[in-house]
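[1] Requesting a structural model of the entry that follows:
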Amino acid sequence: MNSDVLVQAKSVERTFRRGSETIQVLDALDLQIKRGEFLALMGPSGSGKSTLLNLIGGLDRPNNGTISVDGEQIDQMNESKLAAWRARHVGFVFQFYNLIPVLNAQRNVELPLLLTNLSKTERRKQAELALEIVGLSHRIKHFPRTLSGGEQQRVGIARAIASDPTLLLCDEPTGDLDRKSGDEILELLTALNQDHGKTIIMVTHDAHAATCATRTLYMDEGKLTAEMKP
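    Numbers count the residues shown, from 1 in each chain. Alright, predicted model coming up:
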């Protein structure tokens, strides 16, 4: 694989069973994502965007085809190796934050680091650095209920980048936010891409959000149908 290509999907198919019916979610999909790209995936609900994101992040496996990330074919890994690979290489950002209510911001950010070999002191330092990057050093001991939606999403992003992952996968990261808070999150993602060199894949329904990406791909019925560069 070309060293500039970070993610490569070849002839990827994903089907699900619903009763006696087989649902084709991804249909012989091919995709290459370059290192350092900020890719937006758009398309109607049910087009396969989140399924593709989950496959690239190692949360799911294709029925057919291959997925390689940084030269590693992740669809062939066993569960334990795949879990270790995710912990090292993937940061996830979700629409509804998925923070643990009884943990403060620092502890929430530390959670994925528990899967690494870092010491308690190293985990704390990594969490503090991540919260500093997202502009929340002053809220480090605050619990989710005391944070605004935008601040909670910033904690979610800090959690995603705390392990310095190869890939940042964002599923509707502004979908639960007002426009002002959403724009602040998009500015943060742009900075992570441009200033910190993070490769980002973002699923979104929002055309405004997609303008922040360096490339936009459209999906429909499990296929990539068009491309637009802002």
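
[2] Point out where the protein drops to low pLDDT.
    When residues are selected by pLDDT under 70, those of the chain lie in 1-2, 226-230.

[3] element containing the residue most central in space within the chain, please.
    Against the mean C-alpha coordinate of the chain, by C-alpha atoms, centre = their mean, the closest residue is L169 at 1.1 Å. Using DSSP states H and E, L169 sits within strand 167-171.

[4] Okay, buried residues for that strand please.
    Within strand 167-171, the residues that qualify as buried are L167, L168, L169, C170, D171, counting by 16 or more other C-beta atoms under 10 Å. Backbone N, C-alpha and C define where each C-beta goes, glycine included.

[5] Now distance to Y97 too, for those residues, in JSON lines please.
    What follows is those, written out as JSON lines (distance: C-beta to C-beta, whole Å):
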{"residue": "L167", "distance to Y97": "19"}
{"residue": "L168", "distance to Y97": "15"}
{"residue": "L169", "distance to Y97": "15"}
{"residue": "C170", "distance to Y97": "12"}
{"residue": "D171", "distance to Y97": "11"}
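
[6] Tell me the one of these nearest S80?
    L167 (19.9 Å; C-beta to C-beta).

[7] Please enumerate the helices of the chain.
    Ranges of helices in the chain, per DSSP state H, are 49-56, 79-89, 105-110, 120-133, 149-161, 179-194, 207-210.

[8] can you list those in TSV and add mean neighbour count?
    Below are the helices of the chain laid out as TSV (neighbours: other C-beta atoms under 10 Å):
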stretch	mean neighbour count
helix 49-56	22
helix 79-89	14
helix 105-110	24
helix 120-133	17
helix 149-161	24
helix 179-194	17
helix 207-210	17
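
[9] With distance to D4 as extra columns, can I get these in a markdown table?
    Formatted as a markdown table, the helices of the chain follow (distance: least, C-beta to C-beta, whole Å):
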| stretch | distance to D4 |
| --- | --- |
| helix 49-56 | 17 |
| helix 79-89 | 17 |
| helix 105-110 | 31 |
| helix 120-133 | 26 |
| helix 149-161 | 22 |
| helix 179-194 | 16 |
| helix 207-210 | 23 |
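
[10] For T216, find the nearest of those helices.
    Nearest of those to T216, taken as C-beta to C-beta: helix 207-210 at 4.8 Å.

[11] helices or strands next to the closest one in the packing?
    Under the contact criterion of 3 or more C-beta pairs under 8 Å, 6 or more residues apart in numbering; DSSP states H and E, helix 207-210 touches strand 38-42.

[12] Can you tell me what sits against the strand it packs on?
    For strand 38-42, the external contacting residues (C-beta atoms under 8 Å, 6 or more residues apart in numbering) are 33, 49, 52-53, 189-190, 193, 199-205, 207, 209-210, 212-219.

[13] And the nearest residue to T214 once chain neighbours are set aside, how far from A83?
    Excluding the flanking residues, the one nearest T214 by C-beta to C-beta, 6 or more residues apart in numbering is F38, at 4.7 Å. Distance of F38 to A83, computed by C-beta to C-beta, to the nearest Å: 26 Å.
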